[in-house]
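J.: predicted structure and sequence below. I'll ask about it afterward.
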Amino acid sequence: MTIEFYKYQGTGNDFIIIDNRHYFIDKNDTKRIAELCDRRFGIGSDGLILLENDEISDFKMVYYNADGRESSMCGNGGRCITAFAQHLEIINKSTSFSAIDGVHEARIENGAVWLKMKDVREVNTFSSHMFLDTGSPHHVEMVKSLGEFDVKSNGAQIRYGEPYGEKGSNINFVENLSENRFGVRTYERGVEDETLSCGTGVTAVALAMHSSGQTKSNAIQLRTQGGELKVVFRPTNNGYEDIWLIGPAVLVFKGSVKW
Ligand SMILES: N[C@H](CCC[C@H](N)C(=O)O)C(=O)O
């Protein structure tokens, strides 16, 4: 079967997106999904996203990491599928769609996509790092001179080490740039490499910086290797709510491929 795909990127985190409302893709074909994500033998991407019909919302998002396995929520992917849904004229400027961690509101405003993230009830603080789940699990730790830091080897060591083990976590390394701006580089579980940005990751960093008192602001700028993202949120006495991940989502090309 030959299928049409669209290639999107959100601050360099890139995805193959397929309108699966009418196809009958074998969603358990881990090998084929990994082949399509391969940067030499396939189309090349950090992940693959299916857009499907949904009874309770405008559409359903199914996310696979580059290893071909279905995974937890992808923030940059959620922004890209919103732009894709508008491209397909499924939506106009706002939507609510279903993903593995629940229903997300999103809107497109002045060329940026706003994605509402799930509420975060707890930020776990340890001596060397913090850990929280923003739809995907995230380890957050401060480093000096982020630009020269070896993200891949240090990230892999933490991701496979205790307490994360095989299930793993995404690993974010952070440097403070100003009162409300932080540099972030992320080792992503399921890509098993550094990605140019990670949406649930920068969301975790923004909340961790507020929770640890490194910022008093509730509007945080995140500088990633792939570009600038913004996270705004409302601190409550039960964690964080009204959390929005804001940034660009760009259609790079479309094509067709044998499945
Ligand atoms: N690799 C992540 C999922 C994708 C997260 C990232 N691409 C984002 O933008 O949030 C995980 O397995 O937890």
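T.: Yes, it's here. Residues are numbered from 1 along each chain as shown.

J.: give me the three-state assignment for the residue lying closest to Val120 once chain neighbours are set aside.
T.: Take Val120 and drop its neighbours on the chain: the residue closest to it by Cβ to Cβ, 6 or more residues apart in numbering is Tyr240, 4.6 Å away. Just so you know, the C-beta spots here come from the backbone N, C-alpha and C atoms, and that holds for glycine as well. Secondary structure, DSSP: H, G, I helix; E, B strand; the rest coil: Tyr240 is strand.

J.: Gly201: what secondary structure?
T.: At Gly201 the chain is in helix, as set by three-state DSSP.

J.: distance of it from the ligand?
T.: Relative to the ligand, Gly201 is positioned 6 Å away (Cβ to the nearest ligand atom, to the nearest Å).

J.: who are the contact partners of the closest residue to that residue other than its chain neighbours?
T.: Nearest-residue entry for Gly201: Thr186, 4.3 Å, with adjacent residues in sequence omitted and distances by Cβ to Cβ, 6+ apart. Residues in contact with Thr186 (Cβ atoms under 8 Å, 6 or more residues apart in numbering) are 151, 155, 170-173, 194-195, 197-198, 201-202, 224.

J.: how about Ser94?
T.: Shown in contact with Ser94 (Cβ under 8 Å, 6+ apart): Glu105, Ala106, Arg107, Ile108.

J.: just the pLDDT at it, thanks.
T.: Ser94 carries a pLDDT value of 98.

J.: do the same with Phe24
T.: The model reports Phe24 with a pLDDT of 79.

J.: pull the number of nearby residues for it.
T.: Neighbours of Phe24 under the rule other Cβ atoms under 10 Å: 8.

J.: likewise for Ser145?
T.: When neighbours are counted by other Cβ under 10 Å, Ser145 registers 7.

J.: any idea how far the ligand is from it?
T.: Ser145 sits 24 Å away from the ligand, going by Cβ to the nearest ligand atom.

J.: quick check: residues of this protein near the ligand?
T.: Within the chain, the positions lying close to the ligand (Cβ under 6 Å from any ligand atom) are 13, 46, 65, 71-72, 74-77, 136, 170, 188-191, 198-201.

J.: one step back: save the contacts of Thr186 as JSON lines, and put in pLDDT and neighbour count too.
T.: Putting the contacts of Thr186 into JSON lines (pLDDT from 0 to 100; neighbours: other Cβ atoms under 10 Å) gives the following:
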{"residue": "Val151", "pLDDT": "98", "neighbour count": "19"}
{"residue": "Gly155", "pLDDT": "98", "neighbour count": "25"}
{"residue": "Asn170", "pLDDT": "98", "neighbour count": "26"}
{"residue": "Ile171", "pLDDT": "98", "neighbour count": "27"}
{"residue": "Asn172", "pLDDT": "99", "neighbour count": "29"}
{"residue": "Phe173", "pLDDT": "98", "neighbour count": "24"}
{"residue": "Glu194", "pLDDT": "98", "neighbour count": "20"}
{"residue": "Thr195", "pLDDT": "98", "neighbour count": "26"}
{"residue": "Ser197", "pLDDT": "98", "neighbour count": "29"}
{"residue": "Cys198", "pLDDT": "98", "neighbour count": "35"}
{"residue": "Gly201", "pLDDT": "99", "neighbour count": "30"}
{"residue": "Val202", "pLDDT": "99", "neighbour count": "31"}
{"residue": "Thr224", "pLDDT": "98", "neighbour count": "25"}
